[in-house]
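**Student:** Coordinates for the following, if possible.
(3 chains)
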Amino acid sequence: MLTRFLPRETNFYDLFDKQVGYVVDAARFLKEMASKETFDETYLKKMKDIEHQADEAAYEIINYLNKTFITPFDREDIHSLAKELDDIVDMVHTIVNRVRVYKLSGNNTQLIEFASVIEQSVDLLTQAIKGLRSMKNAKTIMAACQEVNRLENVGDSMRDAALANLFDNAKDPVLLIKWKEIYEDAETVLDICEDVAHVVESIVVKQA
Amino acid sequence: MLTRFLPRETNFYDLFDKQVGYVVDAARFLKEMASKETFDETYLKKMKDIEHQADEAAYEIINYLNKTFITPFDREDIHSLAKELDDIVDMVHTIVNRVRVYKLSGNNTQLIEFASVIEQSVDLLTQAIKGLRSMKNAKTIMAACQEVNRLENVGDSMRDAALANLFDNAKDPVLLIKWKEIYEDAETVLDICEDVAHVVESIVVKQA
Amino acid sequence: MLTRFLPRETNFYDLFDKQVGYVVDAARFLKEMASKETFDETYLKKMKDIEHQADEAAYEIINYLNKTFITPFDREDIHSLAKELDDIVDMVHTIVNRVRVYKLSGNNTQLIEFASVIEQSVDLLTQAIKGLRSMKNAKTIMAACQEVNRLENVGDSMRDAALANLFDNAKDPVLLIKWKEIYEDAETVLDICEDVAHVVESIVVKQA
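**Tutor:** Prediction:
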């Protein structure tokens, strides 16, 4: 109840900074894992912790939204933003979990490439979301979002190349099934990043 | 038109009771089917009937919502609740349909386990949704929702164990493809149950 | 800014006509491709162009929506309609892209059948959406939507038959993986058509 009398806008921005911090953690973890030769259960459980923290951060935003009357931008945009950022972390978690369940080893060239593009995309989203505090940043926010959209197209081509290569060369259909899903999930992470960028663009357009 | 003058709140609660009844029917059917040794087309068509009735119930709620000005809780929450409950039935129907199309026989240990957790989750949702009639039930509603969230985590572990087992032992990739999807769908049912719980929690929080 | 003083309603209808035009282009392309014996990269790139134009058309509607105060029907319905129509084109694009990446040749009986039903469904949606200009058309709009719903059920049966056939006869699991996805995607196109029909029905019901 008391929260209603606190400076609201600052609060939403701070909550999103916190959430997007976990999104960055997830992207960094994926990149690190993809480059490692081997990893054990303990290592992979770190991802579960990040996912849990990200969940709490999203929950905090939705909870705060439900109790707040005046919001710095449209309620549905705040809701979408929190949800889509959480979806990024969930999808990275799905990839890491597949690697664990499928007992795959690391150092896969394609996954390393994907993880690097995902990291770039997430860093751009961080910049865009931090920028929302002032519409003086509108131009740089829009530029960051456009770059996220471009990286999504890069991801499409990467997935197509990785799948074509997999289908051309895989002798073992079971191994094909495993990696096919991981490449598709990795591309989905970039799709969700693009969705986040669209929400951010829409917030900027409405305030212009 | 006349409906606008009827006692609205009761009506929405009754409509949701009806819909959630079909969700329970779907869960019970899945559990029964999973434990049976064999089943024919006629038996599996019962699921189609449940799905059809559930569809009608969801449609009735949306239709009523579109014609009603004052609603007992947020319009978007009513919409989400009706949609997500329908998604549970659709996903159970998808599982049953796969069993039919893939010509699988029953009595699969993992599917029996999943069906049992799904039944528990759906029973908790029934209790939570019936509770929405009075905020005196807030505490028991929230406890039921929390338990649904816990069962979703149980489902994740069950799916991981089932998939790891499948990949370790399956000699036939075609059989692997079939069961992999069914286990993943079963886990998705629990994900959607969690989504329903989140909508219910959000309704309670807003009314607190 | 100026757009706010233009006759708004006409404008939204025109924008949807334009978007649905690209949806029809996508459906026609799929049908043509499915019936061809062979096709090269250049041919398949035409689909990418349609997808790009459809994207722009959807973006135009969302952008216009964000800048417009008075809309001919509910804001969320306009948003859903633009999004779901775009999803149809995206899913057709996914199918065409799979055919390319998986290096499949055309003239697949099942895909030809799917493409033909998709074309019918999209033509009905065009008719329904053009009809929204006047509620005098309510009856024909609702009839078109109902037919789209019926075609979705037809699609379900077609997918089940195609998958059952694939699992009964496929000796090569890799080829099974490829076509299974394409049949499922084709059925998903009809699911999304049904989603569009539901939005249109909801618009009509609210205005009745």
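**Student:** quick check: longest helix of chain A.
**Tutor:** The longest helix of chain A (DSSP state H) is helix A:173-207.
**Student:** which intervals of chain A have sub-threshold pLDDT?
**Tutor:** Residue ranges of chain A with pLDDT under 70: A:1-10.
**Student:** Spell out which residues of it are next to chain B.
**Tutor:** Within chain A, the positions near chain B by Cβ under 8 Å from any Cβ of the partner chain are A:62-63, A:66-67, A:97, A:100-103, A:173-174, A:177-178. In this view, the C-beta of every residue, glycine as well, is placed from N, C-alpha and C.
**Student:** Just want the residue of chain A that's nearest chain C.
**Tutor:** A:P173 (4.3 Å; Cβ to the nearest Cβ).
**Student:** ok, now how distant is that residue from A:F167?
**Tutor:** 10 Å (Cβ to Cβ, to the nearest Å).
**Student:** Can you work out which residues contact both of these two?
**Tutor:** C:V174 (Cβ atoms under 8 Å, 6 or more residues apart in numbering or on different chains).
**Student:** tell me which residues in the longest helix of chain A are buried?
**Tutor:** The neighbour-count check on helix A:173-207 (16 or more other Cβ atoms under 10 Å in any protein chain shown) flags A:173-174, A:176-180, A:182-183, A:185-190, A:192-204 as buried.
**Student:** pretty sure A:H93 is in contact with A:D49, am I right?
**Tutor:** No - between A:H93 and A:D49 there is no contact under Cβ atoms under 8 Å: 10.3 Å.
**Student:** Looking at the two, which is more packed in?
**Tutor:** For A:H93 versus A:D49, neighbours defined as other Cβ atoms under 10 Å in any protein chain shown are more numerous around A:H93 (22 against 12).
**Student:** give the contact list for the residue nearest to that one when sequence neighbours are not counted.
**Tutor:** In space, and not counting its chain neighbours, A:H93 is closest to A:E51: 4.3 Å by Cβ to Cβ, 6 or more residues apart in numbering or on different chains. Taking Cβ under 8 Å, 6+ apart, we find A:E51 in contact with A:A26, A:V89, A:D90, A:H93.
**Student:** measure A:R133 to chain B for me?
**Tutor:** Going from A:R133 to chain B by Cβ to the nearest Cβ, to the nearest Å gives 27 Å.
**Student:** Give the helix, strand or coil label for that residue.
**Tutor:** coil (DSSP: H, G, I helix; E, B strand; the rest coil).
**Student:** what does A:N107 give?
**Tutor:** Under three-state DSSP, A:N107 falls in the coil class.
**Student:** From A:T38, how far out is it?
**Tutor:** 9 Å.
**Student:** neighbour count winner among these two?
**Tutor:** A:N107 (12 against 8).
**Student:** Who are the contact partners of that one?
**Tutor:** Counting by Cβ under 8 Å, 6+ apart, A:N107 touches A:A34, A:S35, A:K36, A:E37.
**Student:** show me the contacts for the residue of chain A found nearest chain B.
**Tutor:** Of all residues in chain A, A:P173 sits closest to chain B, at 4.2 Å by Cβ to the nearest Cβ. Contacts for A:P173 (Cβ under 8 Å, 6+ apart) come out as B:P173, C:P173, C:V174, C:I177.
**Student:** helix, strand or coil for the residue of chain A most remote from its centre?
**Tutor:** Taking Cα atoms, centre = their mean, the residue of chain A most remote from its mean C-alpha position is A:K171, at 32.8 Å. Secondary structure, three-state DSSP: A:K171 is coil.
**Student:** Provide the backbone phi and psi angles at A:E37.
**Tutor:** Dihedral angles of A:E37 (phi, psi; degrees, to the nearest 10) stand at phi -70, psi -50.
**Student:** list the contacts for the residue positioned nearest the centre of chain A?
**Tutor:** Taking Cα atoms, centre = their mean, the centroid of chain A lies closest to A:I88, which sits 3.1 Å from it. Neighbouring residues of A:I88 by Cβ under 8 Å, 6+ apart: A:V23, A:A26, A:A27, A:V122, A:V189, A:I192, A:C193, A:V196.
**Student:** Please work out how many residues are found near the third one.
**Tutor:** Looking back up the chat, that one is A:A27. Residues near A:A27, counting by other Cβ under 10 Å: 27.
**Student:** what packs against the one helix or strand it maps to?
**Tutor:** A:A27 belongs to helix A:8-35 when assigned by DSSP states H and E. With contacts taken as 3 or more Cβ pairs under 8 Å, 6 or more residues apart in numbering or on different chains; DSSP states H and E, helix A:8-35 sits against helix A:41-67, helix A:75-101, helix A:109-131.
**Student:** helices and strands around the last one, which ones?
**Tutor:** Judged by 3+ Cβ pairs under 8 Å, 6+ apart, the packing partners of helix A:109-131 are helix A:8-35, helix A:75-101, helix A:138-169, helix A:173-207.
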